[in-house]
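K.L.:
Pasting a predicted model and its sequence here:
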Amino acid sequence: LLLTKAAIEEELYGCEQSIMTCKEALRIWKSEYEPILTNNVQNLQAISNSSGGNRPSSRSQNASINFETDVEQTVNSQQGTLKVEDGIKNLFLFGIRPFSAIINDENSLKYNRSSTYFFSIQPIYFSLIQIFEHLVRYYIKLDKIDEGERCLKEISSLSPLCHQMFYMRGLINDARGQLKLAKLNYNDALAINPYHFPTLIQLTKLLIQIGNYSLAEKYARDAISIQPSNYQPWYLLSLSMEARGEYEQSVDVGATAVHLEGDSPIVSYHSIIRVL
């Protein structure tokens, strides 16, 4: 709900207020899930001890992290205002492992064969990534690209292979004018999740910008098939048709976009997290 509130604030007050709401969402995330993740520490340690045998723990290979001590210190520390830059620096202390570590674990790999499946059973991960995804977009709109990139770096270690990470990398590179790299990022995101609507929209915009109208039309139609009541892909399809000289069809499609925009919610119903 706070992310929906942030989207409304973006329309009414601008992105600065939306960023404040996202920070509040981070504070709530920390207060809601910190106890759960802290309780999971002992379980993870027990699993590691029972299944690891004589295999050295990956945590022990990092001399800069004293797992048990840091957990105790973090849990017992006073609750303060959670800064964006503090976003996930303590995640691993509460039992969250990056997806790259999970796919290298035989037991985890047996039950988690893709990042899509992984996030479908891990709403804690997904909700955190959504918060940071909003922050990245708001910082980009404020032309604070470095701040957005810093948020991305903080969250990317959690699951570097999921489609949301490639999508956010694409946004950063797109904002920097590195269109070829952004296009590659968007394609990587769609290779993992071909139904990710925001990536389809951004890639269509980029393709129109570089003049690849036929491919832009293809991705616009893909987006329409996913969210037919959303005006954005219809509008982009109209632009691509107009650029190709299909003026009559472009007018009809554009009229559809205008009609849908009048009834379009600020936040798409498809993007609201379901109650789990």
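P.N.:
Done, it's in.

K.L.:
which parts of the helix or strand harbouring residue 248 are buried?
P.N.:
Using DSSP states H and E, the secondary-structure element containing residue 248 is helix 247-262. Of all the residues in helix 247-262, those buried under the rule 16 or more other C-beta atoms under 10 Å are 250, 253-254, 256-257, 260. Yep, even glycine has a C-beta here, placed from its N, CA and C like the rest.

K.L.:
And that helix, what does it pack against?
P.N.:
For helix 247-262, the helices and strands in contact under the criterion 3 or more C-beta pairs under 8 Å, 6 or more residues apart in numbering; DSSP states H and E are helix 231-243.

K.L.:
So which residues make contact with the helix it packs on?
P.N.:
With C-beta atoms under 8 Å, 6 or more residues apart in numbering as the test, helix 231-243 has contacts from 200-201, 204-205, 207-208, 211, 213-214, 216-217, 220-221, 223-224, 227, 247, 249-251, 253-254, 256-258, 260-261, 264.

K.L.:
swap in stretch 249-265?
P.N.:
Stretch 249-265 has contacts (C-beta under 8 Å, 6+ apart) with 229-232, 234-235, 237-239, 241-242.

K.L.:
can you do 6 Å?
P.N.:
231, 234-235, 237-238, 241-242 (C-beta atoms under 6 Å, 6 or more residues apart in numbering).

K.L.:
Just want the angle from the helix holding residue 248 to helix 231-243.
P.N.:
160 degrees (axes from the mean of the first three to the mean of the last three C-alpha atoms, to 10 degrees).

K.L.:
tell me the domain ranges of this protein?
P.N.:
Domain segmentation of the chain under automatic domain parsing yields 1-146, 162-276.

K.L.:
Flag whichever of the ones you listed has the least confidence on average.
P.N.:
Least confidently modelled of the domains of the chain is domain 1-146, at a mean of 61 by mean pLDDT.

K.L.:
What is the end-to-end distance of that domain?
P.N.:
Domain 1-146 has an end-to-end distance of 27 Å (C-alpha to C-alpha, to the nearest Å).

K.L.:
now swap in stretch 222-230 and tell me
P.N.:
Where stretch 222-230 begins and where it ends lie 12 Å apart, using C-alpha to C-alpha.

K.L.:
mind listing what's buried in it?
P.N.:
Here stretch 222-230 shows 222-224, 227, 230 as buried, counting by 16+ other C-beta under 10 Å.

K.L.:
One more: stretch 8-21?
P.N.:
For stretch 8-21, the neighbour count (16+ other C-beta under 10 Å) marks 8-10, 15, 17-19, 21 as buried.

K.L.:
Same question for stretch 194-207.
P.N.:
Using 16+ other C-beta under 10 Å as the burial criterion, the residues of stretch 194-207 that qualify are 196-207.

K.L.:
Narrow those to those in helices?
P.N.:
Among the buried residues of stretch 194-207, the members falling in helices are 197-207 (criterion: DSSP state H).

K.L.:
just checking, residue 189 touches residue 200?
P.N.:
No - when contacts are counted by C-beta atoms under 6 Å, residue 189 is not listed as touching residue 200 (9.3 Å).

K.L.:
is it true that residue 138 touches residue 20?
P.N.:
No - the pair residue 138 / residue 20 is not scored as a contact, 9.9 Å apart, by C-beta under 6 Å.
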